[in-house]
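Participant: With the input below, show me the fold.
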Amino acid sequence: MEIIDEGIVFRGEKGTDHASCAFPGIAVIPDGRWVCGFRAAPTKKGTAGQHPLIAISDDEGKTWPIVLSPFVPPRVDGKPGLFRAAYPTALGAREVLAALCWVDHSDPALPFFNEQTEGLLDTRIFLSLSEDGGLTWSAPQLIDTSPYRVPTPLTGPVLILPNGEWVLQFELNKPYDDLQPWRHASVLMFSSNQGKSWPHHVVVSQDPTNRIFYWDQRPAVVDNGTLFDLFWTYDRATADYLNIHARKSTSGGRLWSEFWDTGVSGQPAQPISLHDGRMIMVYVDRTASPAIKLRVSTDAGKTWPSNTEMTLYQPELVGQSGKKSSLQEAWSEMEKFSLGLPATARLPNDDILIVFYAGPEPDLTDIRWLRLKS
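Facilitator: Now for the predicted structure:
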């Protein structure tokens, strides 16, 4: 593996409403266009001013001349909101689907996460379709996530299964002022009619003891049609991050294997499978100075040997993760991160495209990209 190209999708500009850029997603459409969605905001903390942007490159990342802010957040149950993220999925030809994360903005002073209750502001999912490669988009449509009416923050783009089903991914939180314990779960919902309805759902992760939180699920469809999911794993009893855990489904997401420990510490992107059978895991390692790293598995993701590790990007930053005593401290620590959330796509020739956010401080971050030769 080697880095053969890199660049910046969008540069954060201090003192503007797009200083802090994060939550990137990337789609490559059949004509070679790269479509990147991400959130821009004046600061990382809080919700005020955040909005998603779509950046487009037709020259494999050399330039990104088209940057759009196409999504107008509607009211939900009479409440105003803002969109927090836009994750694109290539559907074929020039069609691109964007999964949008809507957040209640009735009270701009409220933080997204309530440290007293561990609840979230009301969070919903919308979808929008582009038929011209990301240049114009349909009005966002609210998705019915029944039986879940609690906050449902997105964890990434809609996936397309080999049988044509769409898969929507999100987490479960709880209402902002709810005093009941937060029972975290990762959920997938399935549509066989291109998003018109989502009649089936599967809970992919939920610890019965409510001790282990399998955060930030990163599912992907690998070459043999298997759904392979990676998790940023947190032990709330010890307030420690565990190694990345994995789980897979060979039944289209209906039944899942037991979890296993990958032996790798960090916060993962969705895995990539290559035509030669190798699987690639890109992740953020915050055990010291934060870095974007990569490991390779040759046994379908069961093991990720340390001798395959490669550092892809490591700016000169002090450590941004330390000892914690509570979930509240873990959440506060996230607001200090200025490097992370990689997202991946496989290019037609098996090169790997990675996007992530990076900057000198949380309130000043760019969206960057790397291209790897496999």
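Participant: Where do the strands of the stretch 1-150 of the chain begin and end?
Facilitator: Using DSSP state E, counting those that start in this stretch, the strands of the stretch 1-150 of the chain run over 2-10, 20-28, 34-41, 51-57, 66-68, 81-92, 95-104, 123-130, 141-142.
Participant: Dump these into JSON lines; add mean pLDDT, mean neighbour count and distance to residue 282 as well.
Facilitator: Glycine gets a C-beta too; all of them are placed from N, C-alpha and C. Shown next, in JSON lines, are the strands of the stretch 1-150 of the chain (pLDDT from 0 to 100; neighbours: other Cβ atoms under 10 Å; distance: least, Cβ to Cβ, whole Å):
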{"stretch": "strand 2-10", "mean pLDDT": "97", "mean neighbour count": "15", "distance to residue 282": "12"}
{"stretch": "strand 20-28", "mean pLDDT": "97", "mean neighbour count": "24", "distance to residue 282": "12"}
{"stretch": "strand 34-41", "mean pLDDT": "98", "mean neighbour count": "26", "distance to residue 282": "16"}
{"stretch": "strand 51-57", "mean pLDDT": "98", "mean neighbour count": "21", "distance to residue 282": "20"}
{"stretch": "strand 66-68", "mean pLDDT": "96", "mean neighbour count": "15", "distance to residue 282": "24"}
{"stretch": "strand 81-92", "mean pLDDT": "96", "mean neighbour count": "22", "distance to residue 282": "16"}
{"stretch": "strand 95-104", "mean pLDDT": "98", "mean neighbour count": "24", "distance to residue 282": "20"}
{"stretch": "strand 123-130", "mean pLDDT": "98", "mean neighbour count": "21", "distance to residue 282": "25"}
{"stretch": "strand 141-142", "mean pLDDT": "97", "mean neighbour count": "14", "distance to residue 282": "31"}
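Participant: quick one: which of the ones you listed is nearest residue 263?
Facilitator: The closest of these to residue 263 is strand 2-10. By Cβ to Cβ, the value is 23.9 Å.
Participant: Pairing partners for that closest one, with directions?
Facilitator: Applying DSSP bridges, strand 2-10 is found paired with strand 364-373 (antiparallel).
Participant: Could you list the buried residues of the strand it pairs with?
Facilitator: For strand 364-373, a neighbour-count test (16 or more other Cβ atoms under 10 Å) marks 364-372 as buried.
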